[in-house]
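> Below: sequence and its predicted model.
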Amino acid sequence: MAKYSETIDLYDDEGKLLKSGVTLEKISPLVNPAIRKIIDLTKRTIVVNLAGVEKGVKTGKVGKGHILGRELNLDVVANKDAVISRIKEMLQVEEGDDTEIQEFQGGKLLLVTVPKARLEAASTYDASITSVASATTYALVDQFNVDAFDASMVKAAVWGGYPHTMDMVGANVASVLSIPQNNEGIGYALRNIPANHIVMITNRNAMQGAALSSTLEHAGEFEMGMAIGRFERAQLLAYAYQGLNANNLVYDLVKQNGATGTVGTVVQSLVERGIEDKVIAPGKKGGYFQFYDTKDPMLWNAYAAAGTIAATMVNCGAGRFAQAVSSTLLYFNDLLEHETGLPGCDYGRVMGVAVGFSFFSHSIYGGGGPGIFNGNHVVTRHAAGVAIPCVVAACALDAGTQMTSPEGTSKVYQDTYGQIDVFNKPIQQIAKGA
């Protein structure tokens, strides 16, 4: 029996119908197999940069340091087959289990999937990166008969600055997840992924990027206890309409306003669509002002979330600049509230995020471009999964105006995760799973 009676139709990033009549629980991270696979692989997959290790030991530049006189001439990539075989042998728990190693760029990059048993026997997802880092170090020491004096250089080339630093700074193994110590609170791990990483994983496709970001953000909301009881429906609706283009709402709004539209015309289009779909209706009048009413605030919030990302795509897409995302988050919702008398996206919290976000990303403070932010950041964490997907969409449409470009911060993720369908085409995969 369906938990929710209402249904949605799922459309792809080209406005084509993928599946109709999908009940809301079918897109829940607790139910949908594609979403669960995304989360599972996010925890279990680690990038190993064999070319980076080779360069590090040959130059003596390991971690964030340069140690002269300790250079090692190891042909790591040329011996990749033996190294990969040894890593897999050490990582697997049983012969033929779900350990997997994929090669990219002729073996210069590896994507290692750690067996589930290692995470089941651990308290956190740390077990993935630590086991891969140790196995890679051991495999290289074995393969090249590195002695006890030089083994520390191999270890530093793989592990980076750890344990001298809390995180693995300068390492040649990487996870899309940050270390748990960097999470702002309970349940933030899946939200602690920079927007630029998602942009590159989805190959700069704004809608696919928004879908992957939204998937991880809302899975994080589930993890931190924000989707219990009646709040579950609120999260699923926002995820469906903003992240998965439910009922083709995002696509329609962008198409309608893409050529000549503005943030203001997206507001107008959203209100018209809300009236047409009977989500809102004219209420009382206050002088010249027409208030609107809704019998379903959760559904209205989902429409507002869809409108917010559509306005982002229209505005940031027109200028090919990511920096406008913070002002779009703010003023789309400010205009929407003034137009309807109803709450903006996430009941005002997106506007709150936008004010701080504009200051931290490029105003007086100027701490960094939007692409390095994530849903765990002290400025952007407050919106319940609906702000960061807009940041991802904006950065995907950016034409190089950020100082911290996706190609500069996250190319390795495109070359590895970006080659896997469940990551680079989440909309289609999630619809299949529904």
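Sure thing, it's come through.
> which ones are touching V422?
By C-beta atoms under 8 Å, 6 or more residues apart in numbering, the contact set of V422 is A34, K37, I38, L41, Q429. Placement of C-beta: from N, CA and C, glycine included.
> Just the element for it, please.
helix 421-424 (DSSP states H and E).
> buried ones in that helix?
Residues V422, F423, N424 are the ones in helix 421-424 that count as buried (16 or more other C-beta atoms under 10 Å).
> pretty sure H338 is in a helix, no?
Yes - counting by DSSP: H, G, I helix; E, B strand; the rest coil, H338 is located in a helix.
> Can you pull the domain assignment for this structure?
Domain segmentation of the chain under automatic domain parsing yields 7-31+188-433, 45-175.
> among those domains, which is the most enclosed?
Neighbour counts (mean count of other C-beta atoms under 10 Å) averaged over each of these peak at domain 7-31+188-433, with a mean of 21.
> Which parts of the stretch 201-350 of the chain are helices?
Taking DSSP state H, counting those that start in this stretch, the helices of the stretch 201-350 of the chain run over residues 206-223, 231-238, 249-257, 263-276, 297-319, 325-340, 349-362.
> what angle separates the second one from helix 297-319?
Using axes from the mean of the first three to the mean of the last three C-alpha atoms, to 10 degrees, the direction of helix 231-238 lies 30 degrees away from that of helix 297-319.
> related to what we said a few turns ago, quick one: which of the helices of the stretch 201-350 of the chain is nearest Q105?
With C-beta to C-beta as the measure, helix 206-223 is the member of the helices of the stretch 201-350 of the chain nearest Q105 (22.4 Å).
> bridging residues for V22?
I8 (DSSP bridges).
> Surely it and L10 touch.
Yes - the criterion here is C-beta atoms under 8 Å, and V22 meets it with L10 at 5.8 Å.
> what is in contact with those two at once?
With C-beta under 8 Å, 6+ apart, V22 and L10 have common neighbours A431, A434.
> if we can go back for a sec, possible to save the helices of the stretch 201-350 of the chain as TSV with mean pLDDT and distance to V76?
Below are those laid out as TSV (pLDDT from 0 to 100; distance: least, C-beta to C-beta, whole Å):
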stretch	mean pLDDT	distance to V76
helix 206-223	98	31
helix 231-238	97	45
helix 249-257	98	45
helix 263-276	98	51
helix 297-319	98	41
helix 325-340	97	40
helix 349-362	89	38
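> Tell me how far the residue lying closest to K3 once chain neighbours are set aside lies from R36.
Distances taken as C-beta to C-beta, 6 or more residues apart in numbering place E25 nearest to K3, at 4.5 Å, with adjacent residues excluded. To R36, E25 is 13 Å away according to C-beta to C-beta, to the nearest Å.
> pretty sure A399 is in a helix, no?
No - counting by three-state DSSP, A399 is not part of a helix but coil.
> Can you name the residues that contact it?
Neighbours of A399 in contact, by C-beta under 8 Å, 6+ apart: R320, F321.
> What score does it have for pLDDT?
pLDDT recorded at A399 is 94.
> separation between it and S405?
From A399 to S405 the distance is 10 Å (C-beta to C-beta).
> next one: G69
36 Å.
> One more: R233?
Taking C-beta to C-beta, one finds R233 at 38 Å from S405.
> With K278 instead?
K278 is 44 Å from S405, by C-beta to C-beta.
> T312 now?
In terms of C-beta to C-beta, T312 sits 18 Å off from S405.
> just to revisit the earlier point, of all the helices of the stretch 201-350 of the chain, which one is nearest A393?
Going by C-beta to C-beta, the one of the helices of the stretch 201-350 of the chain nearest A393 is helix 206-223, 4.3 Å.
> how much does the closest one deviate in direction from helix 231-238?
170 degrees.
> Just the CA trace of helix 206-223, in PDB.
Below are the C-alpha coordinates for helix 206-223, written out as PDB (Å, rounded to 0.1, in the frame of the first residue of the first chain):
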ATOM      1  CA  ALA A 206      22.900  22.200 -14.800                       C
ATOM      2  CA  MET A 207      19.800  20.000 -14.300                       C
ATOM      3  CA  GLN A 208      21.700  16.700 -13.700                       C
ATOM      4  CA  GLY A 209      24.000  18.600 -11.300                       C
ATOM      5  CA  ALA A 210      21.000  20.000  -9.500                       C
ATOM      6  CA  ALA A 211      19.500  16.500  -9.300                       C
ATOM      7  CA  LEU A 212      22.700  14.900  -7.900                       C
ATOM      8  CA  SER A 213      23.100  17.800  -5.400                       C
ATOM      9  CA  SER A 214      19.500  17.600  -4.400                       C
ATOM     10  CA  THR A 215      19.700  13.900  -3.900                       C
ATOM     11  CA  LEU A 216      22.700  14.200  -1.600                       C
ATOM     12  CA  GLU A 217      21.300  17.200   0.200                       C
ATOM     13  CA  HIS A 218      17.900  15.600   0.900                       C
ATOM     14  CA  ALA A 219      19.500  12.300   1.900                       C
ATOM     15  CA  GLY A 220      21.400  14.400   4.400                       C
ATOM     16  CA  GLU A 221      18.200  15.900   5.700                       C
ATOM     17  CA  PHE A 222      16.800  12.400   6.200                       C
ATOM     18  CA  GLU A 223      20.000  11.500   8.000                       C
END
